[in-house]
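**Student:** The sequence and its predicted three-dimensional model are supplied below.
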Amino acid sequence: MKKVLFVVNTMGRAGAELALLELLNALEGKGLEISLYVLTGQGELTGQIPSWVRVLNPAVSTQSVLSPGGRRRLARTVLTAFFRNGGLLGKLRRTGRDLEDMLRRGRFQADKLLWRVVSDGALRFETRFDLAVAWIEGGAAYYTAGWVRADRKAAFVHINYEKAGYTRTLDGDCWEHFHRIFAVSQDVREQFLHVYPEYREKTAVFPNLIDPERILRRSREPGGFSDGYGGVRILTVGRLEYQKGYDVAIEAMRRLKDSGAPVRWYVLGEGSRRGALRRKIASLGLEGDFLLLGDVENPYPYYVQTDLYVHTARFEGQSIAVREAQILGCAVLVSDCCGGREQVEGGCGVSCPLTPEALADGILALLSDRERRERLGRAAAAKAVPEGQEKLLLDLLAGAAADRGLYPQPPAAAQR
């Protein structure tokens, strides 16, 4: 039986982690022995890891890295990583160099700064795998490239690489150790290749897997809005982070209210910017109009009860939330960004610039045209869902594609 290892940074409630669960479920019964290693050992979705997947962490926690307890646990993980596996002075020097590079670029990101330390100080395993998969950029890629024993290695990129803050300095030489690099959309692939043009031949598009039947089934479960609001509902689902552009959405909501439109905007998700967003909502007098509902276990009833789904990301890979909204027949408006525009091609949604003015105008135009919203919803629901992406990994595992010369071999160092 072939041995496959997946490595992920956390198992938080986010798109990449949800897509990983979908892929693991799709690989069940394929004759594989699948293991999973979570670098931080925590995340809300750890409880949803399939029982037949072997989790290599001695213990995993369902705590979010955003909760007080979760932050303390994460801090202990990082501190332990500095001392585990030796090389404390080298880790400190590397962190100092990366910090200097960030300050020079004027962009400090603590997670990017510490991923190398976490990967170098993570557990190491003697098992040799037939295939090792770094499911996400950052720590998982660094760890898989440097410390996993495998005959073949693959990596996934889920985000606009440069805008997310990754650089060649932070990455070192990690990407040369992979036989194949998968980007979740064509936009993401081109952005990655802007940084690493030398890897064009081994970089391909691998859309996120999604299960329409499960989404449709769960959308019929009890739940959804409970405030009895009788006006127009706008929904957005995503982490409360700078990337998602909620500050712009709040300003657009102020314009909608000033226009007299009977609109209420709801956000499902949690994140580090909750406090800042609440202050902005209060400063604009929108406490009853722009509502942060937090994480919910089943978001799908909200989708089917909303009038318009709006996604306001500054940059994106391939949004699971947008695809879920489309499967459930929502009219969708997305910001014109990497990853976003690709998801509404072919008349299954519309895009607009990420400004308060453009968002408000785009929303008002759709809300005033019910027939157009219904047409967009029908087109979105009819959009084909890519199937069989797991075959790419199976081909790589079997070596068939490599034998045909499609997957370049990495340097000998990558075989460690």
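**Tutor:** Thanks, I have the structure now.
**Student:** Could you tell me the average pLDDT over stretch 76-89, please?
**Tutor:** Across stretch 76-89, pLDDT averages out at 93.
**Student:** Check stretch 116-124 too.
**Tutor:** On average, stretch 116-124 scores 94.
**Student:** Off-centre distance for that stretch?
**Tutor:** 22 Å (Cα atoms, centre = their mean, to the nearest Å).
**Student:** Now do that stretch: everything it contacts.
**Tutor:** With contact meaning Cβ atoms under 8 Å, 6 or more residues apart in numbering, stretch 116-124 is reached by 37, 39-40, 56-58, 77-78, 80-85, 87, 91, 94-95, 98, 139-140, 142-143, 146-147, 170, 172. Every C-beta, even on glycine, is put in place using the N, C-alpha and C of the backbone.
**Student:** Pull out the buried residues from the residues you listed.
**Tutor:** The neighbour-count test (16 or more other Cβ atoms under 10 Å) marks 37, 39-40, 56-57, 77, 81-82, 84, 91, 94, 98, 139-140, 142-143, 146-147, 170 as buried among those.
**Student:** Helices - which of these land there?
**Tutor:** Among the buried ones among the contacts of stretch 116-124, the members falling in helices (DSSP state H) are 77, 81-82, 91, 94, 98, 139-140, 142-143, 146-147, 170.
**Student:** wait, which of these is closest to residue 7?
**Tutor:** Set against residue 7, the nearest of those by Cβ to Cβ is residue 140 (4.4 Å).
**Student:** can you tell me which residues contact the closest one?
**Tutor:** Taking Cβ under 8 Å, 6+ apart, one finds 7-9, 39, 119, 134 in contact with residue 140.
**Student:** again, 10 Å this time
**Tutor:** Residues in contact with residue 140 (Cβ atoms under 10 Å, 6 or more residues apart in numbering) are 6-10, 16, 37-39, 115, 118-119, 122, 133-134, 155-156.
**Student:** Cross these against helices and list the overlap.
**Tutor:** Short answer: the contacts of residue 140 in helices (DSSP H) are 16, 115, 118-119.
**Student:** By neighbour count, which of these wins?
**Tutor:** Within the ones in helices among the contacts of residue 140, neighbour counts (other Cβ atoms under 10 Å) peak at residue 115, which reaches 26 neighbours.
**Student:** Look up how far residue 62 lies from that residue.
**Tutor:** Residue 115 sits 22 Å away from residue 62, going by Cβ to Cβ, to the nearest Å.
**Student:** Strands of the protein, residue ranges please.
**Tutor:** Applying DSSP state E to the chain gives strands spanning 2-8, 32-38, 54-55, 129-134, 150-157, 180-183, 203-205, 232-237, 263-268, 290-294, 308-311, 332-335, 350-352.
**Student:** Include mean pLDDT and distance to residue 380 when you put those into CSV, please.
**Tutor:** Listed next are these as CSV, based on pLDDT from 0 to 100; distance: least, Cβ to Cβ, whole Å:
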stretch, mean pLDDT, distance to residue 380
strand 2-8, 94, 29
strand 32-38, 95, 32
strand 54-55, 96, 36
strand 129-134, 94, 30
strand 150-157, 93, 25
strand 180-183, 91, 23
strand 203-205, 89, 20
strand 232-237, 96, 14
strand 263-268, 97, 19
strand 290-294, 96, 23
strand 308-311, 95, 9
strand 332-335, 93, 6
strand 350-352, 91, 11
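**Student:** okay, the ones you listed in CSV with distance to residue 23 next?
**Tutor:** Converted to CSV, the strands of the chain look like this (distance: least, Cβ to Cβ, whole Å):
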stretch, distance to residue 23
strand 2-8, 8
strand 32-38, 10
strand 54-55, 16
strand 129-134, 9
strand 150-157, 10
strand 180-183, 11
strand 203-205, 15
strand 232-237, 20
strand 263-268, 23
strand 290-294, 27
strand 308-311, 23
strand 332-335, 24
strand 350-352, 28
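**Student:** out of these, which comes closest to residue 105?
**Tutor:** So among the strands of the chain, strand 150-157 is nearest, using Cβ to Cβ, at 20.1 Å.
**Student:** how about the closest one: buried residues?
**Tutor:** Within strand 150-157, the residues that count as buried by 16+ other Cβ under 10 Å are 150, 152-157.
**Student:** Using CSV, lay out the ones in helices among the contacts of residue 140 together with distance to residue 48.
**Tutor:** Below are the ones in helices among the contacts of residue 140 laid out as CSV (distance: Cβ to Cβ, whole Å):
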residue, distance to residue 48
16, 14
115, 24
118, 23
119, 24
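**Student:** Show me the shaky parts of the stretch 151-300 of the chain.
**Tutor:** Under the criterion pLDDT under 70, no range of the stretch 151-300 of the chain is flagged.
**Student:** And the helices in the stretch 201-350 of the chain?
**Tutor:** 212-219, 246-258, 274-283, 300-305, 320-327, 340-343 (DSSP state H, counting those that start in this stretch).
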